[in-house]
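[1] no sequence for this one, just the structure:
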């Protein structure tokens, strides 16, 4: 087993400014679209050539704020545009499948905001359509594109942790009345918005679980309010994940092995620190990067541009199979808790 390292590796993430320039179209004009476009424009040479909303006025206003030349009052018009190379789907969760399908069927490379879809079946459909059309497709789960997570990747590959037996990760955030996360018709509740982060970390480290145990608690708004789950792999190693809408939590993560422990202070899924600690409270090594929050969304756009230009249909940083695996685990959790999303058959009586 390798000895405890004397230093942490440097991130290998290429300079986003060096990524080949593609022409982007944006479906949706909400909170995440605003931050994605702003970050990409600040830190890359990518070009946004069009934006679309089902409300033409919203699309025009968004285009004006961000200097985008064209705005469309329909998604169909945008995906038909000849000056769009890649489509970024930033619509509500319930529209991800339809919008991804629309873009791919129009021959456009596609980046879908997380979660890729509502469930594993929908995610598999997107993956299969992209492969069939020979187009790039990925889930915009920005965490895995951050320099910090390239350092995590190298630590794991070096086996500095030894054998990993435990993963712990959580994300809690309080929301006020009226927020879309409290709307059942938009697949509300914490799992898709918040729970995606701890769950995707757990399945990335331990793989598809052999067994899932879970408990949920309803929210007065009629959605799931919080969920806790234990995921066990075939060797008995365990991940404990939790997500809640009731409270703000530290939002930390821990990956623990037989030689060392890797701690990711909150919010673990954003740019920031990580700490590698040898057993027995001994040597500690710390990696630090600026806490730029969502201003780091540009890293995923740069990776997409590099992959498409190189002819790759997926990114190794977040393969579609990983997205499907995470959603399949989430499907199991929801089944145990009776959580259903729009268009699905009731699970266990439809309890939230």
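    Happy to help now that I have it. In this text the structure is predicted, and so the values were computed from the model without any measurement. Numbering: from 1, shown residues only.
[2] Now do the contacts for residue 145.
    Taking CB atoms under 8 Å, 6 or more residues apart in numbering as the contact definition, residue 145 lies against 13, 299, 300, 303, 317, 318. To be clear about C-beta, it is placed using only N, CA and C from the backbone, and glycine gets the same treatment.
[3] Now flag whichever of these is closest to residue 169.
    The shortest gap between residue 169 and any of the contacts of residue 145 belongs to residue 318, at 16.5 Å (CB to CB).
[4] Not counting its neighbours along the chain, what's nearest the closest one?
    Ranked by CB to CB, 6 or more residues apart in numbering and with sequence neighbours excluded, the top spatial neighbour of residue 318 is residue 144, at 4.5 Å.
[5] With residue 187 instead?
    residue 341 is the one closest to residue 187 (CB to CB, 6+ apart), at 4.2 Å.
[6] quick one on the thing from earlier: quick one, phi psi at the residue nearest to residue 318?
    phi -70, psi -10 (degrees, to the nearest 10).
[7] so how far is residue 189 from the residue nearest to residue 187?
    To residue 189, residue 341 is 9 Å away according to CB to CB, to the nearest Å.
[8] just the strands in this structure please.
    23-27, 47-52, 70-72, 86-89, 109-113, 137-140, 164-172, 211-218, 224-232, 238-244, 253-257, 260-264, 274-278, 284-287 (DSSP state E).
[9] now the fifth one: how far from the chain's centre is it?
    Relative to the centre of its chain, strand 109-113 is centred 12 Å away, using CA atoms, centre = their mean, to the nearest Å.
[10] Just want the angle from that strand to strand 23-27.
    40 degrees (axes from the mean of the first three to the mean of the last three CA atoms, to 10 degrees).
[11] Please enumerate residues in contact with strand 109-113?
    With CB under 8 Å, 6+ apart as the test, strand 109-113 has contacts from 28, 32, 36, 85-91, 96, 99-100, 103-104, 126, 130, 135-140, 300-301, 304, 308.
[12] Tell me the bridge partners for the residue lying closest to residue 268 once chain neighbours are set aside.
    Among residues not flanking residue 268 along the chain, residue 253 sits closest, at 4.0 Å (CB to CB, 6+ apart). Bridge pairing for residue 253 (DSSP bridges) gives the partners residue 169, residue 264.
[13] isn't residue 253 right up against residue 169?
    Yes. Residue 253 is within contact range of residue 169, at 3.9 Å (criterion: CB atoms under 8 Å).
[14] residues shared between the contacts of these two?
    Common neighbours of residue 253 and residue 169 (CB under 8 Å, 6+ apart) are 198, 201, 268.
[15] per-domain residue ranges of the chain.
    16-141, 144-292+315-350 (automatic domain parsing).
[16] Quick one: closest of those to residue 4.
    Nearest to residue 4, of the domains of the chain and by CB to CB, is domain 144-292+315-350 at 4.7 Å.
[17] Check the offset of that closest one from the chain's centre.
    10 Å.
[18] Just read off the phi/psi values of the residue nearest to residue 187.
    Residue 341 adopts backbone torsions of phi -110, psi 160, taken as degrees, to the nearest 10.
[19] check contacts around residue 272.
    148, 264, 265, 288, 289, 291.
[20] what's the closest non-adjacent residue to the most centrally placed residue in the chain?
    In the chain, the centroid-proximal residue (CA atoms, centre = their mean) is residue 141; its distance is 2.2 Å. Excluding its sequence neighbours, the residue lying closest to residue 141 (CB to CB, 6+ apart) is residue 114, at 4.3 Å.
[21] How many residues are close by that neighbour?
    23 (other CB atoms under 10 Å).
[22] and the gap between it and residue 211?
    Taken as CB to CB, the span from residue 114 to residue 211 is 25 Å.
[23] now residue 136
    Taken as CB to CB, the span from residue 136 to residue 211 is 34 Å.
[24] which one of these two has more residues nearby?
    When residue 136 and residue 211 are compared for neighbours, residue 136 comes out ahead with 24 against 12, by other CB under 10 Å.
[25] Tell me how many other residues surround the closest residue to residue 72 other than its chain neighbours.
    Leaving out its chain neighbours, the residue that sits closest to residue 72 by CB to CB, 6+ apart is residue 52, at 4.0 Å. The number of residues packed around residue 52, counting by other CB under 10 Å, is 30.
[26] Wait, residue 62 touches residue 29, no?
    Yes. Using CB under 8 Å, residue 62 is in contact with residue 29, at 4.2 Å.
[27] Per-residue pLDDT of residue 347, please?
    For residue 347, the pLDDT comes out at 53.
[28] Between residue 341 and residue 189, tell me which one has more neighbours.
    residue 189 (31 against 23).
[29] quick one: contacts for the more buried one?
    181, 219, 223, 224, 225, 227, 245, 339, 352.
[30] Who are the contact partners of the nearest residue to the second one once chain neighbours are set aside?
    Nearest residue to residue 219 in three dimensions, chain neighbours excluded: residue 225, at 3.3 Å (CB to CB, 6+ apart). Under the criterion of CB under 8 Å, 6+ apart, the neighbours of residue 225 are 189, 190, 216, 217, 218, 219, 244, 245, 246, 352.
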